[in-house]
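Participant: 3D model of this:
(one chain, ligands or ions: 2)
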Amino acid sequence: MSLPAQVRIVEVGPRDGLQNEKTIIAAADKIELINRLSDTGLRSIEATSFVSPKWVPQLADAAEVYAGIRRRDGVAYPVLVPNLQGYERARAVGATEVAVFSAASEAFNRKNINASIDESIERFLPILERAAADGVKVRGYVSTVLGCPYQGEVAVADVVRVARRMHTLGCYEVSLGDTIGIGTPGKARAMLRAVAGEVPMAALAVHFHDTRGQALANILACLEEGVAVVDAAISGTGGCPYAPGASGNVASEDVVYMLEGMGIGTGVDLAKLVDTGRWLASRLGRASGSKVTLAAH
Ligand code: HMG
Ligand code: MG
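Facilitator: Ligands and ions are numbered 1, 2, ... in the order given. Below you'll find the predicted structure:
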């Protein structure tokens with residue numbers, strides 16, 4: 001067991017979180033959220049998503065939000081793009097990092113982006129080409145790595161194939177998503193180990209939704225395998241609108257608490273994060289999804 005000394009947290013709340021909240025908050029609040037997160041020490045904040053506004057109305061204001069944020073030196077602000085049209089919208093407001101996404105399950109991909117796995121990868125090719133020419137970094141997501149809401153079991157070999165393809169095509173990092181929070185630590189570990197046989201561990205991240213309360217345990221198992229990048233969402237917000245039952249991502253506050261408690265550095269100021277999570281929960285009109293925030297007085 002060799003735990004990493006430092007972990008980079010990729011804060012996905014403004015995108016993965018807000019894309020699936022019932023309450024749609026104003027663009028000004030989204031901007032304030034990202035600005036507050038920028039002051040916590042986070043180095044990577046996924047700001048929004050340039051997908052079809054018909055598919056995800058919650059983030060229809062992506063351009064306004066991205067153009068309004070204060071971009072801090074040393075912090076990356078990736079945005080999700082499903083196709084070249086999304087890439088162009090993102091570039092028009094100055095995005096310098098994008099994330100493309102596909103899944104290990106054909107059935108999920110069809111529901112989420114109306115395309116097969118191979119078709120979705122075809123759509124990335126021009127994005128990757130343009131990004132290379134523009135000096136834009138590209139992150140990749142593989143969804144449904146531990147199970148699919150439509151097809152059920154997902155073969156580890158399918159996860160490996162899609163992750164390897166994304167990495168080979170030029171994604172600097174591939175985030176492995178348990179979209180519906182169905183995995184348990186043994187399965188998460190075995191899946192990560194298999195992918196790391198084909199893609200360097202340094203280019204991998206893990207992305208757990210906490211639907212069944214397994215996310216922190218899964219993260220710990222993956223840290224023991226050597227992963228050092230963890231996606232999380234402030235206040236445990238979100239889910240995927242095309243994955244029935246997908247509850248929020250693991251709460252960033254809880255991940256920071258666990259990591260710092262284990263002596264693993266995150267560079268994140270937990271008190272500021274808790275404050276921001278509490279503020280966001282009040283804007284959303286609901287309790288925070290972070291246990292650490294609920295426990296803090
Ligand atoms: P489609 O309907 O097959 O696309 O959707 P189309 O190419 O036929 O276009 C239909 C309409 O959408 C056209 O407009 C296009 O212009 C427009 P119309 O002519 O009807 O007025 N359009 C766009 N508009 C703005 N921005 C764009 C864009 N593209 C097309 N980029 C499409 C295909 C991919 C667009 C759609 O399915 C889509 O946007 N899906 C996104 C779904 C989504 O965002 N899901 C959540 C994110 S993934 C996730 O959460 C998982 C993750 O967190 C990891 C994990 O947890 O596992 C990443
Ligand atoms: Mg997600």
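Participant: out of everything not next to it in sequence, what's closest to residue 211?
Facilitator: Leaving aside its sequence neighbours, residue 211 sits nearest to residue 181 (C-beta to C-beta, 6 or more residues apart in numbering; 3.0 Å). Every C-beta, even on glycine, is put in place using the N, C-alpha and C of the backbone.
Participant: does the one you found count as helix, strand or coil?
Facilitator: Secondary structure, DSSP: H, G, I helix; E, B strand; the rest coil: residue 181 is coil.
Participant: Give me the contact status of the host helix or strand of residue 159 with ligand 1.
Facilitator: If you go by DSSP states H and E, residue 159 is part of helix 156-169. No - using C-beta under 6 Å from any ligand atom, helix 156-169 never reaches ligand 1; the gap is at least 11.0 Å.
Participant: Centre of the chain to that helix, how far?
Facilitator: What separates the centre of helix 156-169 from the centre of its chain is 17 Å, taken as C-alpha atoms, centre = their mean, to the nearest Å.
Participant: Relative to the helix or strand following it, what are the paired strands and their orientations?
Facilitator: With elements assigned by DSSP H and E, the helix or strand that comes after helix 156-169 is strand 173-178. Its sheet considered, strand 173-178 pairs with strand 137-143 (parallel), strand 204-208 (parallel) by DSSP bridges.
Participant: which residues are contacting the longest one?
Facilitator: Contacts of strand 137-143 from elsewhere in the structure, counted by C-beta atoms under 8 Å, 6 or more residues apart in numbering, are 76, 78, 96-105, 108-109, 112, 124, 127-128, 131, 159, 162-163, 166-167, 169-177, 179, 207, 240, 243.
Participant: what distance separates it from the centre of its chain?
Facilitator: In terms of C-alpha atoms, centre = their mean, the centre of strand 137-143 is set 9 Å apart from its chain centre.
Participant: List the contacts of residue 167.
Facilitator: Neighbouring residues of residue 167 by C-beta under 8 Å, 6+ apart: 140, 174, 198, 199, 203.
Participant: about what we covered before: next one: the residue nearest to residue 211 from residue 208, what distance?
Facilitator: According to C-beta to C-beta, to the nearest Å, residue 181 stands 6 Å off from residue 208.
Participant: which residues do the two both contact?
Facilitator: Common contacts of residue 181 and residue 208 (C-beta under 8 Å, 6+ apart): 214, 215.
Participant: can you give me the helices in this protein?
Facilitator: 27-38, 62-68, 84-92, 106-113, 117-134, 156-169, 185-196, 215-225, 252-261, 270-284, 291-295 (DSSP state H).
Participant: and residue 111, what does it touch?
Facilitator: Applying C-beta under 8 Å, 6+ apart, the residues near residue 111 are 150, 242.
Participant: For the closest residue to residue 201 other than its chain neighbours, give me its contacts.
Facilitator: Nearest residue to residue 201, sequence neighbours excluded (C-beta to C-beta, 6+ apart): residue 226, at 4.7 Å. Counting by C-beta under 8 Å, 6+ apart, residue 226 touches 2, 4, 196, 201.
Participant: Quick check: the last one touching residue 227?
Facilitator: Spelled out, it's residue 201. Yes - counting by C-beta atoms under 8 Å, residue 201 does reach residue 227; the two are 6.2 Å apart.
Participant: Same drill for the two, tell me which one is more crowded.
Facilitator: Neighbour count, other C-beta atoms under 10 Å: between residue 201 and residue 227, residue 227 has more, with 22 against 17.
Participant: any idea how far that one is from residue 118?
Facilitator: Distance of residue 227 to residue 118, given as C-beta to C-beta: 27 Å.
Participant: Low-confidence ranges, the stretch 1-150 of the chain, go.
Facilitator: Flagging of the stretch 1-150 of the chain using pLDDT under 70 yields the residue ranges 1.
Participant: What residues does it have near ligand 1?
Facilitator: Residues of the stretch 1-150 of the chain lying near ligand 1 (C-beta under 6 Å from any ligand atom): 16, 19, 49-56, 82-83, 85-86, 89, 101, 112-114, 141, 143.
Participant: so what's the closest residue to ligand 1 within the chain up against?
Facilitator: At 2.4 Å from ligand 1, residue 177 is the closest residue in the chain, using C-beta to the nearest ligand atom. By C-beta under 8 Å, 6+ apart, residue 177 lies in contact with 141, 142, 143, 144, 145, 207, 208, 209, 231.
Participant: who wins for neighbours among these?
Facilitator: Most neighbours among the contacts of residue 177, by other C-beta under 10 Å: residue 145, with 32 neighbours.
Participant: Let me see the contact set for that residue.
Facilitator: Residue 145 makes contact with 104, 154, 159, 176, 177, 178, 179, 183, 191 under the criterion C-beta under 8 Å, 6+ apart.
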